[in-house]
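S.K.: give me a model of this one.
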Amino acid sequence: MNNDVERAQETGISRRTVAKAVAWSVPAIAVAATVPIAAASLRKDPGINGWVLVNTDPDFWSCGAELTFNSAPRNGGRTPDGAPFGLYVYDVEDPNVFSDAKMIIWVIGDRSAGEISWSTRSGHSPSWSGPTRIGTQVKHDGQTYTGYQWTYTGPILASDRGITDPDGVERLKLRNFHVRAHVDGVRAGGYRCNVTYWIERMITIDPDGNGPLPAEVHKFQRRGGTMGDASGYGSLRSRRSAVEPGDQEGGPLPASAVV
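M.R.: Next comes the predicted model:
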């Protein structure tokens, strides 16, 4: 501050003027400090964000598990970034147009048609139509998975975005997703009984509707189950350190996961 005063004297500006300028700068800093820390730490992935709770009920007779995927659990606990459970889009603007929203659950193994039976649970929205078996795909972990796709048939309008959560962050929310399936384990990834899955979300976003900018497909995926959690960008964070591959029939299958 002394240097500022000295420079002010050289240019003919009074000490009082400098003091006023410094005083006026303080409220701006105070306002910036009121931004919620939670909002600054949110994880924002391409397209449909949010978190889904996956509950696991092991079935040791079939070497598999019953998996329940719920985007609106009553007591789901804290999510990895503190954001609420659910499926939603961030940073929506008025001209945005949304279409072709999908959820794909990829289950490890090359599964035949009808091998996995899916059912809807309480609160599942009819806006999520499916599932449709869409074939197989080799993921970042080198394993083959079979995809089961749900398509969102309800309207997704930019004007429906709003601030409805305690963190004060604006979100455009999709309706609830709540399904269940019994999945038999397979031998893969060093495990005798592997029940690993990926949840992929995708949505097409046209930034300016009828304007010149092109529509783009935004998608990403997260992994859960026996082989541990991972991101959709090839970065794996395995939980296998607890039990070496093949040490037990079920492997380290978590009782629940947030993906």
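S.K.: which residue ranges of this structure form helices?
M.R.: 2-11, 15-32, 37-40 (DSSP state H).
S.K.: list the residues that contact residue 154.
M.R.: With contacts defined as CB atoms under 8 Å, 6 or more residues apart in numbering, residue 154 is in contact with 125, 127, 174, 175. All C-beta atoms are positioned from the backbone trio N, CA, C, and that covers glycine.
S.K.: to clarify, my last question referred to residue 48.
M.R.: With contacts defined as CB under 8 Å, 6+ apart, the neighbours of residue 48 are 87, 88, 89, 101, 103, 174, 201, 202, 203, 218.
S.K.: name the nearest residue to it, sequence neighbours excluded.
M.R.: Nearest non-adjacent residue to residue 48, counting by CB to CB, 6 or more residues apart in numbering: residue 201, 3.9 Å away.
S.K.: now do residue 184
M.R.: residue 64 (3.9 Å).
S.K.: next one: residue 219
M.R.: Taking CB to CB, 6+ apart, and ignoring the residues beside it in sequence, residue 219 has residue 202 as its nearest neighbour in space, at 3.6 Å.
S.K.: go ahead and name everything in contact with stretch 180-192.
M.R.: Contacts of stretch 180-192 from elsewhere in the structure, counted by CB under 8 Å, 6+ apart, are 59, 62-69, 105, 107-109, 115-121, 141-144, 148, 193-197, 226-227, 240, 245-246, 248-251.
S.K.: redo that, cut-off 6 Å
M.R.: Judged by CB atoms under 6 Å, 6 or more residues apart in numbering, the contacts made with stretch 180-192 from elsewhere in the structure are 62-68, 107-109, 116, 118-119, 121, 143, 193-195, 226-227, 245-246, 249, 251.
S.K.: and that stretch, end to end?
M.R.: Counting by CA to CA, to the nearest Å, the length from the leading to the trailing residue of stretch 180-192 is 23 Å.
S.K.: quick one: buried residues of it?
M.R.: Buried residues in stretch 180-192, counted by 16 or more other CB atoms under 10 Å: 180, 181, 182, 183, 184, 185, 186, 188, 189, 191, 192.
S.K.: cool, and stretch 109-127?
M.R.: Burial within stretch 109-127, assessed by neighbour count using 16+ other CB under 10 Å, is assigned to 109, 111, 116, 118, 124, 125, 127.
S.K.: do the same with stretch 52-72
M.R.: Taking 16+ other CB under 10 Å as the basis for neighbour counts, the residues of stretch 52-72 that come out buried are 52-56, 58-59, 63-65, 67-72.
S.K.: what's in contact with it?
M.R.: 73, 76, 85-87, 176-185, 193, 195, 224, 249-250, 253, 255-259.
S.K.: now the end-to-end length of that stretch.
M.R.: Across its full length, stretch 52-72 reaches 7 Å between end residues, using CA to CA.
S.K.: same question for that stretch, mean pLDDT?
M.R.: Per-residue pLDDT values across stretch 52-72 average out to 91.
S.K.: equivalent analysis for stretch 95-106, please.
M.R.: According to the model, stretch 95-106 has a mean pLDDT of 98.
S.K.: can you check stretch 186-203 too?
M.R.: Mean pLDDT, taken over the full extent of stretch 186-203, equals 91.
S.K.: in stretch 71-87, what's buried?
M.R.: Buried residues in stretch 71-87 (16+ other CB under 10 Å): 71, 72, 73, 76, 79, 83, 84, 85, 86, 87.
S.K.: I'd say the fifth one and residue 51 touch.
M.R.: If I follow you right, that is residue 79. Yes - the pair residue 79 / residue 51 is scored as a contact, 4.3 Å apart, by CB atoms under 6 Å.
S.K.: pLDDT below threshold where in the stretch 151-259 of the chain?
M.R.: In the predicted model, the stretch 151-259 of the chain carries pLDDT under 70 at residues 231-253.
S.K.: got the CA positions of stretch 82-96 in CSV?
M.R.: Taking Å, rounded to 0.1, in the frame of the first residue of the first chain, the C-alpha atoms of stretch 82-96 are listed here in CSV:
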residue,chain,number,x,y,z
GLY,A,82,-21.7,-33.6,-2.8
ALA,A,83,-24.3,-33.0,-5.6
PRO,A,84,-27.7,-34.6,-5.2
PHE,A,85,-28.7,-38.0,-6.6
GLY,A,86,-30.6,-37.8,-9.9
LEU,A,87,-30.0,-37.3,-13.6
TYR,A,88,-29.6,-33.7,-14.8
VAL,A,89,-27.9,-31.3,-17.1
TYR,A,90,-25.7,-28.4,-16.0
ASP,A,91,-25.1,-24.9,-17.6
VAL,A,92,-28.3,-24.9,-19.7
GLU,A,93,-29.1,-21.8,-21.8
ASP,A,94,-32.4,-20.7,-23.3
PRO,A,95,-31.5,-21.5,-27.0
ASN,A,96,-30.4,-25.1,-26.1
